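J.: I need the structure of the sequence given here:
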Amino acid sequence: MTTGTSDKKRKRIGQVRCQNCFERFSPQKGVDRTSCPECGWEWYISWSGELAKIRKPVWDSWEEHIAETRKKTK
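T.: Got it, this is the predicted structure:
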């Protein structure tokens, strides 16, 4: 691993990548669920020190988004 790669990874500590739109964002430290500022999908977050990780989607939020999308396409 080069120094440049190591610096990039350090800058991303505390960030997650949305599993819907793949946009990287920083949830508020310590929260257990958050939504992507880009697409609005909601995720459960776990923390290991400063490192944030998406665990799973908040299914109620997904069902609302799907229902809204279906209404728009009709």
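J.: burial count for residue 15?
T.: Counted with other CB atoms under 10 Å, the neighbours of residue 15 add up to 12. In this view, the C-beta of every residue, glycine as well, is placed from N, C-alpha and C.
J.: Please disregard the earlier target; I meant residue 50.
T.: Neighbourhood size, residue 50 [other CB under 10 Å]: 9.
J.: contacting residues for the closest residue in space to residue 23 that isn't next to it in sequence?
T.: Closest residue in space to residue 23, ignoring its immediate chain neighbours: residue 38 at 4.0 Å, by CB to CB, 6 or more residues apart in numbering. Residue 38 makes contacts with 18, 21, 23, 25, as judged by CB atoms under 8 Å, 6 or more residues apart in numbering.
J.: can you count the residues close to the last one?
T.: Each residue near residue 25 was counted by other CB under 10 Å, and the total is 16.
J.: Look up how far residue 24 lies from the nearest residue to it once chain neighbours are set aside.
T.: The shortest distance from residue 25 to any non-neighbouring residue, by CB to CB, 6+ apart, is to residue 37 (5.6 Å). Distance of residue 37 to residue 24, given as CB to CB, to the nearest Å: 11 Å.
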